[in-house]
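Q: need coordinates for the following:
(one chain, ligands or ions: 2)
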Amino acid sequence: MDFKIPPVLDADRLMDKAFRRASKVQKRGKDREDGYRKTVAGKLKTVSKVLEQTLKRYEKSFPSFDQLPPFYRDTIHISQDLDRVKKSIGAINWARRKIKRAIIEDLRKLRDCEKVGEMDKVRRSAYGRTSSFLRQVSSDLEFLESVRKALNQLPDIRMDIPTVVVAGSPNVGKSLLVNKLSSGKPKVASYPFTTKEVGVGHFRAEGLMCQIIDTPGLLERPMEEKNEIEMKAIKAIEDLADLIIFLYDPSGTCGYPMSDQRALYDQISGLFDDTEIMEVYNKKDLVGEMEGVFQISALSEENIEGLNRDITEKIKYAFRERWNTDVRETDR
Ligand SMILES: Nc1nc2c(ncn2[C@@H]2O[C@H](COP(=O)(O)OP(=O)(O)O)[C@@H](O)[C@H]2O)c(=O)[nH]1
Ligand SMILES: [Mg+2]
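A: Ligands and ions are numbered 1, 2, ... in the order given. Have a look, this model is predicted:
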């Protein structure tokens, strides 16, 4: 997701930016003093304007977290200290207003100056005060920049298109399946709640763009080992998923016996009781034909097309329902 937050400069860079722009201001006047006064006034106004615009842009560009789609709201909530974001935005707002007011005061002082030396003193003191205000919020600027970086690294998951989530024990072939079902190469991103990388791929279901996401480290382990953060993350995924593919590896090469994999299925189906779960048996190339189950081989690509057709049917149905619900809710 593109939050369109510009890089947040630190206090030193902000000062550089403002003072460098101001250094280019040069004005003429009736005499030397008049010219100098106009030049200093121009410089101070430039400093004020540059900082006003830049800081205001920071204040405006951080998303209002309450209005984000639930998936992002939950995800950001898990990984970021939102109170601190609010405080830092407040601090920047404070510095911006302080600087503006201080420079208005300095411009007034400048009018009373008669000698070039006095005017220069006003300029230096104005620069000094500006720097001091910026330095007082330097940790806020740095914190906001770190949040911006973290937000930009969130997986680019769309809320408005059908979403298939792949779950199953480790090494059953989830990542390979996401690869095989995606039309392009899945994008890899980091979730804040797992150290592993998440694949997000796209495919078309009868022309409709859908996304398929992998959930490494999240829907792979039994419940009792899940901590609070993981539970929140699961909730976020629940809001997102229109269909879950639960992948089994009956060959045992993943290192988990079928009894473990079934126990995981039971837990996941308990957690996602509103979402359809499709059970798929992978690694057919290793185990051969099985009775009464949906089998594929992600490696040899056997029955991947059949799976794609099945997903399309289910997505069409699931998404139609979700869409109808949304329409009903906005009608009210
Ligand atoms: N023989 C065989 N190996 C597979 C198949 N699908 C995945 N694998 C292998 O299983 C291992 C784990 O796959 P991966 O996609 O990383 O599993 P994940 O941990 O569930 O994401 C890899 O070595 C894959 O190449 C399959 O259909 N047949
Ligand atoms: Mg994987």
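Q: the stretch 51-200 of the chain against ligand 2: which residues are in contact?
A: With C-beta under 5 Å from the ion as the criterion, the stretch 51-200 of the chain comes near ligand 2 at residues 174, 175. (C-beta placed from N, C-alpha, C; glycine too.)
Q: where does the stretch 51-200 of the chain dip in pLDDT?
A: Counting by pLDDT under 70, the stretch 51-200 of the chain shows low-confidence ranges at 70, 78, 189-197.
Q: what about 90?
A: Low-confidence segments of the stretch 51-200 of the chain, defined by pLDDT under 90, span residues 61-83, 147-161, 170, 183-200.
Q: would you pull up the residue in it closest to ligand 2?
A: residue 175 (3.2 Å; C-beta to the ion).
Q: for residue 16, see how far away that residue is.
A: When C-beta to C-beta, to the nearest Å is the yardstick, residue 175 and residue 16 sit 45 Å from each other.
Q: these two: which has the busier surroundings?
A: The residue with more neighbours, out of residue 175 and residue 16, is residue 175; 20 against 12, by other C-beta atoms under 10 Å.
Q: is that one in contact with residue 214, as I believe?
A: Yes - at 5.6 Å, residue 175 and residue 214 qualify as touching, with contact defined as C-beta atoms under 8 Å.
Q: intersection of neighbour lists for these two?
A: Overlap between the neighbourhoods of residue 175 and residue 214 consists of residue 199, taking contacts as C-beta atoms under 8 Å, 6 or more residues apart in numbering.
Q: mind telling me what element the residue of the stretch 51-200 of the chain closest to ligand 2 is part of?
A: Element membership of residue 175, judged by DSSP states H and E, is helix 174-181.
Q: same question, residue 211
A: Counting by DSSP H and E, the element that carries residue 211 is strand 208-214.
Q: what packs against that strand?
A: Contact partners of strand 208-214 among helices and strands, from 3 or more C-beta pairs under 8 Å, 6 or more residues apart in numbering; DSSP states H and E: strand 163-167, helix 174-181, strand 197-205, helix 304-331.
Q: okay, the ones you listed, which one's buried deepest?
A: Among these, the stretch with the highest mean neighbour count (mean count of other C-beta atoms under 10 Å) is strand 163-167, at a mean of 25.
Q: what lies in contact with that one?
A: With C-beta under 8 Å, 6+ apart as the test, strand 163-167 has contacts from 157, 174, 177-178, 181, 210-215, 219-220, 237, 240-247, 264, 268, 311, 315.
Q: residue 171 and residue 249, how far apart?
A: The spacing between residue 171 and residue 249, counted by C-beta to C-beta, is 7 Å.
Q: which neighbours do those two have in common?
A: The overlap between the contact sets of residue 171 and residue 249 (C-beta under 8 Å, 6+ apart) consists of residue 256.
Q: the two: who's more crowded?
A: Here residue 171 and residue 249 are set side by side on neighbour count (other C-beta under 10 Å), and the busier one is residue 249, at 24 against 14.
Q: tell me where the stretch 151-300 of the chain has helices.
A: Applying DSSP state H, counting those that start in this stretch to the stretch 151-300 of the chain gives helices spanning 174-181, 228-240, 258-271, 284-287.
Q: isn't residue 145 up against residue 10?
A: Yes - with contact taken as C-beta under 8 Å, residue 145 and residue 10 are classed as touching, separated by 7.2 Å.
Q: which ones are touching residue 59?
A: When the contact criterion is C-beta under 8 Å, 6+ apart, the partners of residue 59 are 89, 92, 93, 96.
Q: all good on my end, thank you.
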